[in-house]
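Colleague: With the input below, show me the fold.
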Amino acid sequence: MYQLSPKRLETWRSEWRAKGELAFPGKGAQPQSKLNADRISELERKIGQQAMEIDFLKKTLRRFREQRLPVAVNGGTDSMSKS
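Modeller: Coordinates of the predicted model:
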């Protein structure tokens, strides 16, 4: 059928016993724990990036509010009056 030697099968069996699902990390199905760990890492990076963006936007908004010109009290602009 597949022409595998008993020695090769015993080697693979030993690797599987020693490492479990991590013994054969090829392109096949990955262990669920590996997929979860990768997904968690990806989401943690995304959260960190979003936290930095939020902090930046908060600081920018604070600066904008501090630098904004006061609104004229009398409802008009004296410097733009028509002659």
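Colleague: use CA for all of it now, contacts and neighbours both
Modeller: OK.
Colleague: who touches the nearest residue to Ala23 once chain neighbours are set aside in this structure?
Modeller: Ranked by CA to CA, 6 or more residues apart in numbering and with sequence neighbours excluded, the top spatial neighbour of Ala23 is Trp16, at 5.3 Å. Shown in contact with Trp16 (CA atoms under 8 Å, 6 or more residues apart in numbering): Leu22, Ala23, Phe24.
Colleague: Surely the second one and Arg13 touch.
Modeller: No. Checked against CA atoms under 8 Å, the pair Ala23 and Arg13 is beyond contact range at 9.5 Å.
Colleague: And the average pLDDT for the helix or strand encompassing Glu44 is what?
Modeller: Assessed by DSSP states H and E, Glu44 sits inside helix 32-67. Averaging pLDDT along helix 32-67 gives 91.
Colleague: Make 14 the starting number, not 1.
Modeller: New numbering, starting at 14: the last item is helix 45-80.
Colleague: Can you say which helix or strand has Leu17 in it?
Modeller: Using DSSP H and E, no helix or strand contains Leu17.
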